[in-house]
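> This is a predicted model, with the sequence first.
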Amino acid sequence: MNRHGARRDLWLTSLLGFSLLVVIPVIAITGLLSNAAYDPRLAGNVLAQGRTLGSLDFYLFTWPTHPWWLYAATQGVHVSLGLAAFPIVLAKLWSVLPGLFTSAEQPSLARVLERLGLVLLIAGILFEFFTGFFEIEYFFPFGAQLITAHYYGAWVVIATFLLHAALKLPTAKRSLELRRAVAPLRRDLVHMPPPSALLTVVAASDACCAEAPGAAAPISRATVLATAAAGSLILLVQGVAPVIGEPVRRLALLGPRGNETGPGPNDFEVNGTAAAAGLTTKQLGPGWRLHLAGDDGVSRDLSRQQLRRLPQHSYSLPIACREGWSTTQHWTGVRLRDLAAVVGTDGSSDLNMQSLDGATASLASNQVADERSLLALRVNGVDLSPDHGFPARVIVPAATGVNRLKWIDSLQLGSAAS
Amino acid sequence: MPACLSLVLALVFFPLILRLGAASYTSATGRSVSPYLVRWLVLSAAMFVVSGTIYVIRASPRRDRGRADDQPL
């Protein structure tokens, strides 16, 4: 037994490894989808600002507007599974800790490369966890570059994860098979350092929770698995509850968006308050005008009353944040494509938006053309509150939260390619 | 086990618990970040209570001895 008296063995490592083999690819794919949802090809979009698009920024498709809950789902899965995977990764690291620092094999180039990949994988995956946690908890120790770092770190993890999985899959499969076919497989056990663990693997054919030989083991394998599972479950709730919404949201006791919200029509989660945006009552007052511009020089200034006289439409759509939480509300306002028609533009234009606090974002033409894409004036039957974007905000099905600006100042139709 | 879980939660949520991003949290959500320290303490205490209860029940002499899972979890 190792000096911790705990039950590290190949079977435990393999079981944790197989669960990560399912979870990590889902996190990676939903993360890449999130990057696609931001559509950084469009000039006004946040992720495109401050960095040029490199060869790792490829886009295979335009982000769709169907189904309306698309981004809420993909990003909810990304953040929730990202939280839930953390205890599993910690347990997996714990289970191989002695093996990380011993060498059962002769040094060779392949061995050195494999170890190097492993170091990058461990460092990369911890980096991805903590940049993700910091982002959803509004802790920005390295400035605003957290998401960019998270994005490029993901490629390091994806590459080294594939390498690690390919190299270790045969060993892991063998270990799980060993639990079924009992005795005569000992010659296959040479792959798992340290040698002391080999005895444990042989014992793996016994009942899973059998007492450890020799010194009484204070930690059983069942305890390790139960702890990892419980931690994973608690963290999963922190991520999932804010996607499901009231009243389950409050189960996310430690989640950044697990707070109680009031009963009013505007009492749903805010992302960025009017006060923090530095907006004045004068800016949000009756003097406000929407500056609307077409792609051939036509422009109109519209007051809120004039906007209210245009055909109004209502849809239930979510604000879906990259932090994983979302909240579906009933919005009423003018269709973006109707506004495009006001300035003589057909449905094939992109849209560049600017808000009163200077923020910008762009929408692709398919988003502008969708009948559910609104310049919302009201929510849940009342005027928007200042925190929710009064006098007017843009709401688009399936899109990310930051691509749907609040406190709209101007809408400019035309090409948005950067 | 409860200590371990409490530690993992602290590792994940320490920026909220220690109020490291208090200003940006408030400007984003319109709320104070202050409840998180107490919530973490309460959750940790609850996990210790649940774990302790399970231990006491399992260690109780009224239970049949010799069960395979008869050990503290």
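All right, it came through fine.
> And the pLDDT at residue B:28?
Note for residue B:28: predicted pLDDT of 88.
> Report the contact partners of it.
Residue B:28 is in contact with A:138, A:270, A:271, A:272, A:273, A:276, counting by Cβ atoms under 8 Å, 6 or more residues apart in numbering or on different chains. (C-beta placed from N, C-alpha, C; glycine too.)
> same thing but 10 Å
By Cβ atoms under 10 Å, 6 or more residues apart in numbering or on different chains, the contact set of residue B:28 is A:138, A:256, A:257, A:269, A:270, A:271, A:272, A:273, A:276, A:321, A:323, B:21.
> Residue A:340: how many residues sit nearby?
For residue A:340, the tally of surrounding residues (other Cβ atoms under 10 Å in any protein chain shown) stands at 23.
> Can I take it that it is in a helix?
Yes: checked against DSSP: H, G, I helix; E, B strand; the rest coil, residue A:340 lies within a helix.
> correct me, but it touches residue A:296?
No: with contacts counted by Cβ atoms under 10 Å, residue A:340 stays clear of residue A:296, the gap being 11.9 Å.
> any chance you could map the strands in chain B?
Secondary structure of chain B by DSSP state E: no strands are present.
> From the centroid of it, which residue is nearest?
What sits nearest the mean C-alpha location of chain B, by Cα atoms, centre = their mean, is residue B:44, with 2.7 Å.
> pretty sure that residue is touching residue B:3, no?
Yes: in this structure residue B:44 lies within contact range of residue B:3 using Cβ under 10 Å: 8.3 Å.
> In three-state terms, label residue A:292 for me.
With three-state DSSP as the criterion, residue A:292 reads strand.
> Next to chain B, which bits of the stretch 1-150 of chain A? Give me the list.
Contact residues (Cβ under 10 Å from any Cβ of the partner chain) of the stretch 1-150 of chain A with chain B: A:83, A:86-87, A:90-91, A:94, A:129-130, A:132-141.
> Equivalent analysis for the stretch 251-400 of chain A, please.
A:253-261, A:269-278, A:321, A:323, A:387.
> mind running it again at 7 Å?
A:253, A:254, A:256, A:259, A:270, A:271, A:272, A:273, A:276, A:387 (Cβ under 7 Å from any Cβ of the partner chain).
> In contact with the fifth one, which residues?
Taking Cβ atoms under 7 Å, 6 or more residues apart in numbering or on different chains as the definition of contact, the neighbours of residue A:270 are A:387, A:388, B:29, B:30.
> Same question for the fourth one.
Applying Cβ under 7 Å, 6+ apart to residue A:259 gives the contacts residue B:31.
> Just say helix, strand or coil for it.
Following three-state DSSP, we place residue A:259 in the coil state.
> go on, the fifth one?
Secondary structure of residue A:270, reduced to three states by three-state DSSP: coil.
> now swap in the first one and tell me
Of the three states, residue A:253 takes coil according to three-state DSSP.
> What parts of chain B come near chain A?
B:1, B:4-5, B:8-9, B:12-13, B:15-16, B:20-21, B:24-25, B:27-31, B:36, B:39-40, B:43, B:68-69, B:71, B:73.
> Filter those down to the buried ones, ChimeraX style.
The buried residues among those can be selected in ChimeraX (16 or more other Cβ atoms under 10 Å in any protein chain shown) with this line:
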select /B:1,4,5,8,9,12,13,15,16,20,21,24,25,27,28,29,30,31,36,39,40,43,71
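> Just to be sure, which of the residues of chain B next to chain A are found in helices?
Those of these mapping onto helices are B:4-5, B:8-9, B:12-13, B:15-16, B:24-25, B:27-29, B:36, B:39-40, B:43, per DSSP state H.
> burial count for residue A:40?
Neighbours around residue A:40, by other Cβ under 10 Å: 21.
> oh, I was asking about residue A:370
Counted with other Cβ under 10 Å, residue A:370 comes out at 23.
> Please name the spatially closest residue to it (chain neighbours excluded).
Leaving aside its sequence neighbours, residue A:370 sits nearest to residue A:65 (Cβ to Cβ, 6 or more residues apart in numbering or on different chains; 4.3 Å).
> Am I right that the one you found is in a strand?
No: read with three-state DSSP, residue A:65 is coil and lies in no strand.
> OK, contacts around it?
A:366, A:367, A:370, A:396, A:397, A:398.
> could those residues be laid out in a markdown table, adding secondary structure?
Formatted as a markdown table, these follow (three-state DSSP):
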| residue | secondary structure |
| --- | --- |
| A:366 | helix |
| A:367 | helix |
| A:370 | coil |
| A:396 | coil |
| A:397 | coil |
| A:398 | coil |
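> closest to chain B among these?
When those are ranked by distance to chain B (Cβ to the nearest Cβ), residue A:396 comes first, at 20.6 Å.
> returning to that earlier point: by neighbour count, which of the residues of the stretch 251-400 of chain A next to chain B wins?
Going by other Cβ under 10 Å, residue A:256 tops these with 29 neighbours.
> which non-adjacent residue is nearest whichever residue of the stretch 151-300 of chain A sits closest to chain B?
Distances between the stretch 151-300 of chain A and chain B by Cβ to the nearest Cβ are smallest at residue A:276, namely 3.2 Å. With sequence-adjacent residues excluded and distances taken as Cβ to Cβ, 6+ apart, residue A:276 is closest to residue B:27, at 3.2 Å.
> Report the contact partners of that neighbour.
A:272, A:273, A:276.
> Show me the shaky parts of chain A.
Along chain A, segments meeting pLDDT under 70 span A:1-7, A:44, A:46-58, A:102-105, A:144, A:179-218, A:416-418.
> For the biggest helix by length in it, buried residues please.
Longest helix in chain A by number of residues (criterion: DSSP H): helix A:146-180. Residues of helix A:146-180 classed as buried by neighbour count (16+ other Cβ under 10 Å): A:146-147, A:150-151, A:153-154, A:156-158, A:160-161, A:163-165, A:168, A:171-172, A:174-175, A:178-179.
> what helices or strands is that helix leaning on?
Packing partners of helix A:146-180 (3 or more Cβ pairs under 7 Å, 6 or more residues apart in numbering or on different chains; DSSP states H and E): helix A:10-38, helix A:109-136.
> Of all the ones you listed, which one comes closest to residue A:227?
Residue A:227 lies closest to helix A:10-38 among the helices and strands packed on helix A:146-180, at 11.8 Å (Cβ to Cβ).
> Determine the angle, from 0 to 180 degrees, between that closest one and helix A:146-180.
Helix A:10-38 runs at 150 degrees relative to helix A:146-180, counting by axes from the mean of the first three to the mean of the last three Cα atoms, to 10 degrees.
> Following element in sequence after helix A:10-38, please.
Next in sequence after helix A:10-38, counting helices and strands by DSSP states H and E, comes helix A:70-95.
> hey, which strand is longest across chain A?
Longest strand in chain A, counting by DSSP E: strand A:326-335.
> Please consider this matter closed, and thank you.
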